[in-house]
Each structure stands twice: as structure tokens, then as C-alpha cells.
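[1] no FASTA, just this:
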Ligand code: URA
């Protein structure tokens, strides 16, 4: 566990802990405020993210940005990361060994950011952070509190592109996040 961002970021350069390093163009480390109260965790970089080295900059990210705008969430005030930092081939789900190899980096980011709320975007984030026993369909929209952090599982934004109906849930879940954030600010 590194105590500074500099050490952590240096440690990840040239990472070859899993096979995803073979085809990547850029490591997608994460982006946003290092003092964010709210952190978003996705699955892994897609083609646009791999090209730009930034999380959620493609179609799914644009949809997420729209929801952020509508709900008054400022993208530069939250922190956004993924379960794996290198693009899985053809956007497949990261395999267990890949997620496991990468999770220490993400855990270190969580320790440094110290978010009060973590939004888990989709099944991969949910299962790797809270456990394989969780399913996204039954868990989404329901808070899970663990060691002082409130977790909100919700649909992955890419799922909204495939099924319009999920947009209503996503919006509702993020509204819950904003409400919890406001509640926690008041009780500071
Ligand atoms: N999907 C993800 O899970 N993460 C990204 O950064 C982009 C798309």
C-alpha cells in the first residue's frame, strides 16, 4: 500500500501483472478529485478509454455525463476508476486473475481518496468489490454499508445503451447517491 499518489502512480507504470498489458495502448489509471466524497467504479477501459488513457470517455461515459449534468454532479468533483486498468480484448468481462491482479491498485486509490460513497457500475464492479454472492439485478438501488463506506450498486451505463428502461433505475439510483451525499454533508 502506497501512502502517496506519486508512489502509487509510479508503481503502475509498465505494469505487467496480468495478460491485459499485452494489447493496451494506455493504462487507464483513474480520474477526478483526489478528495472526492463520491467514487464511481466501472468494469474496464473500452477502445476510447484505451486510446485516451481516461475512464468513461466513450459512449457509456457520455451517457453518464448526461446523468451527472441532470443531477448536478460535477465530474471533476468525483473520482472515477475501473476494476481493471487495461482494456480487455473485444471489451470482454475481465477474468478473475486479471481483476485480482489489478484490485490492489484500486484499493490503494480508495484508501487515498477516502470516499464516503462508492457507486458500483454494473455486475463486474459489484462482484469484485462486495463479493460474488451479490447480483446486480437484486442489489441495484440498495445501499450496502461496509466499514464506514456506503456502496450503491447500479446498472453499468453501457447497459442503458442496450435497454432504455434501465435509464429510469440509473437516474433513481444516482438521485439516492445525491441525497445520501447531502445527508452526510449535514451530519459532518
Ligand atoms: N466501461 C467501463 O466499465 N469503464 C470505462 O472506463 C468505460 C467503459
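    Received the coordinates, thanks. For clarity, every value in this text was computed on a predicted model and none was experimentally measured. Numbering: from 1, shown residues only.
[2] only C-alpha atoms for contact and neighbour calcs from this point on.
    Will do.
[3] does the residue nearest in space to the middle of the chain count as helix, strand or coil?
    With distances taken as CA atoms, centre = their mean, residue 41 lies nearest the centre of the chain, 1.0 Å away. At residue 41 the chain is in strand, as set by DSSP: H, G, I helix; E, B strand; the rest coil.
[4] Which residues does it form beta bridges with?
    With DSSP bridges applied, residue 41 shows beta-bridge pairing to residue 81, residue 120.
[5] Tell me where the model's unsure across this structure.
    187-188 (pLDDT under 70).
[6] do that again at 80, thanks
    Residue ranges of the chain with pLDDT under 80: 186-188.
[7] Show me what from it comes close to the ligand.
    For the chain, the contact set with the ligand under CA under 6 Å from any ligand atom comprises 42-46, 49, 55-56, 60, 82.
[8] Which parts of the chain are helices?
    Taking DSSP state H, the helices of the chain run over residues 5-12, 47-52, 59-71, 96-113, 123-129, 136-139, 157-162, 166-186.
[9] okay, those, which one's buried deepest?
    helix 123-129 (a mean of 22; mean count of other CA atoms under 10 Å).
[10] Now tabulate the helices of the chain in CSV and tack on distance to residue 35.
    CSV is the format used below for the helices of the chain (distance: least, CA to CA, whole Å):
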stretch, distance to residue 35
helix 5-12, 12
helix 47-52, 23
helix 59-71, 18
helix 96-113, 5
helix 123-129, 20
helix 136-139, 27
helix 157-162, 24
helix 166-186, 14
